[in-house]
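*Asks:* Here you go, sequence then predicted model.
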Amino acid sequence: MTDMKTDAAMSDAGGEPLRLAGLAPFGVGGRRRCFVHPDFPGRCVKVARADGTTMLQPKKSGWRPAWTQRVYDNNADELNELGKLRRMLGDETMARHFPRLYGMVATDLGPGLVMDLVRDADGRISQTLREQLSEGNELGKYREAYDEFGRFLLGHGIVTRDLLDHNLAVRRGEGGEFRFYLIDGFGDAAWFAPGRWIPAIDRRRIRKKITRGWARFERVAAEMADPEQAKAALRWKLGMLRHR
């Protein structure tokens, strides 16, 4: 991963920041904007939004210690979680269903996290499952790919946050086959996770997340099938590409 070292070195050495200002992001989330890397079209750069939604405070819990109720930083969290996956799986295995990580880089919009950008075989940026469903595609056509993704998570004991339709990119291969990539929602959100010591607990949690994920997709697909519900649902732009 020499490129990861190059990006990090540029940032640490005070080199010229990567220029993103003036470029159109291909995606905008609740906290960040996502840009195609100007020098590497196979990578994206995630930077915090500058409109006051950069970091959100989690809901307060009466029983949780105050030090656990921290402000959430997406880039720092993903740098940590994807780094763990890289050490556990290695680049080649990780790249089957997760973006590879290239580290942090200085940009003219603030610190940016650089990772793989999922593209279809024809070079287009892969759509999220939400966007695929919004275009009238039947959910069932993705079942085989989703099951394969689920087996990958189970086989490697990878616990994620809840599997959401706007956090899963669907890559279309040369033969029209699909492959799921998790592009957000990495890592275990549980404050106390006994599965770290008892693998059977984690496997049970992973199975539940996979099952609940598909049930959630079914609800989204039903919304998209109803014109009025779809119109309301699509007002929420997360998981929708800005351009093709």
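*Replies:* Now that the structure is in, tell me what you want to look at.
*Asks:* For this protein, which segments count as strands?
*Replies:* All strands of the chain, identified by DSSP state E, fall at 27-28, 32-36, 43-48, 101-107, 110-116, 127-128, 168-172, 178-182.
*Asks:* who does the last one touch, helix- and strand-wise?
*Replies:* Right, strand 178-182. Applying 3 or more C-beta pairs under 8 Å, 6 or more residues apart in numbering; DSSP states H and E, we find strand 178-182 packed against helix 143-156, strand 168-172. From N, CA and C alone the C-beta is placed, and that goes for glycine too.
*Asks:* name the helices or strands packed onto the first one?
*Replies:* When contacts are defined as 3+ C-beta pairs under 8 Å, 6+ apart, helix 143-156 sits against strand 178-182, helix 199-225.
*Asks:* Domains in the chain, by residue range?
*Replies:* For the chain, automatic domain parsing gives the domain ranges 2-116, 127-233.
*Asks:* JSON lines for these, including mean neighbour count and mean pLDDT?
*Replies:* Shown next, in JSON lines, are the domains of the chain (neighbours: other C-beta atoms under 10 Å; pLDDT from 0 to 100):
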{"stretch": "domain 2-116", "mean neighbour count": "15", "mean pLDDT": "79"}
{"stretch": "domain 127-233", "mean neighbour count": "16", "mean pLDDT": "90"}
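*Asks:* what's the first-to-last distance across stretch 184-201?
*Replies:* 23 Å (C-alpha to C-alpha, to the nearest Å).
*Asks:* for stretch 20-34, that is, sorry about that
*Replies:* With C-alpha to C-alpha as the measure, stretch 20-34 spans 10 Å from end to end.
*Asks:* With adjacent residues omitted, what lies nearest to residue 213?
*Replies:* residue 163 (3.2 Å; C-beta to C-beta, 6 or more residues apart in numbering).
*Asks:* So that neighbour is in contact with residue 207, correct?
*Replies:* No: applying C-beta atoms under 8 Å as the test, residue 163 and residue 207 come out as separate, 11.8 Å apart.
*Asks:* excluding its backbone neighbours, what's nearest residue 174?
*Replies:* Nearest one to residue 174, counting by C-beta to C-beta, 6+ apart, is residue 121 at 4.3 Å.
*Asks:* Against residue 221, how distant is the one you found?
*Replies:* For residue 121, the distance to residue 221 equals 25 Å [C-beta to C-beta, to the nearest Å].
*Asks:* ok, so what distance separates residue 154 from residue 141?
*Replies:* Residue 154 is 22 Å from residue 141, where distance means C-beta to C-beta.
*Asks:* what does residue 127 give?
*Replies:* Residue 127 is 13 Å from residue 141, by C-beta to C-beta.
*Asks:* One more: residue 151?
*Replies:* For residue 151, the distance to residue 141 - C-beta to C-beta - is 18 Å.
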